[in-house]
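In: Sequence first, predicted model second:
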Amino acid sequence: QVQLVESGGGSVQAGGSLRLSCVASGRTLSTYAMGWFRQAPGKEREFVAAIIWSGANTRYADSVKGRFTISRDNAKNTVYLQMNSLKPEDTGVYYCASGDGWYPRPDFGSWGQGTQVTVSS
C-alpha cells in the first residue's frame with residue numbers, strides 16, 4: 001500500500017503560479033503511474049494530469065494543457081504539478097493518486113488527502 005501526502009496548495013490571484021508536490025511512502029513510486037485530480041465545490045472529481053512510471057509519457061486534461069506540467073522524481077518518491085497562468089476555474093481540492101498500468105488509462109488505487117488551491121479573480 002502506498003501512502004500519498006500532497007502539499008503546496010494555497011491562495012493565489014489569477015495569472016499566478018503554484019507548485020504542488022506529492023510524496024509517497026510505504027512503497028516506491030518507480031513502478032506506478034501517477035496522477036493529479038481535482039474537485040471543485042459541488043462538482044465531481046476530475047482528471048487533471050498523469051505521468052507514466054518512467055516519466056516518458058504524460059497526459060493532460062484539455063482545460064490545463066499548456067498551463068500545467070506534471071513531473072516526477074522517482075529517487076525522491078515525489079511527483080509534482082507545476083501550475084501556471086492559474087484561473088479561478090482551477091480552484092478546488094487537488095488530489096494525488098498512484099496506479100497500475102497506462103493503456104487505456106491507469107487504475108488509480110491509492111489517493112492522498114488533498115490540498116486546497118484557491119484562485120481569485
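Out: Nice, I can see it. Numbering: from 1, shown residues only.
In: Once you drop chain neighbours, what's closest to residue 34?
Out: Excluding its sequence neighbours, the residue lying closest to residue 34 (CB to CB, 6 or more residues apart in numbering) is residue 79, at 4.3 Å. Yep, even glycine has a C-beta here, placed from its N, CA and C like the rest.
In: Hmm, that neighbour is touching residue 96, no?
Out: Yes - Residue 79 is within contact range of residue 96, at 6.4 Å (criterion: CB atoms under 8 Å).
In: check which helix or strand covers the residue nearest in space to the middle of the chain.
Out: In the chain, the C-alpha closest to the average C-alpha coordinate belongs to residue 36, at a distance of 2.4 Å (CA atoms, centre = their mean). Assigned by DSSP states H and E, residue 36 falls within strand 33-39.
In: What helices and strands are in contact with that strand?
Out: Where contact means 3 or more CB pairs under 8 Å, 6 or more residues apart in numbering; DSSP states H and E, strand 33-39 is packed against strand 18-25, strand 46-51, strand 68-73, strand 78-83, strand 92-100, strand 107-111.
In: what about 10 Å?
Out: Where contact means 3 or more CB pairs under 10 Å, 6 or more residues apart in numbering; DSSP states H and E, strand 33-39 is packed against strand 18-25, strand 46-51, strand 58-60, strand 68-73, strand 78-83, strand 92-100, strand 107-111.
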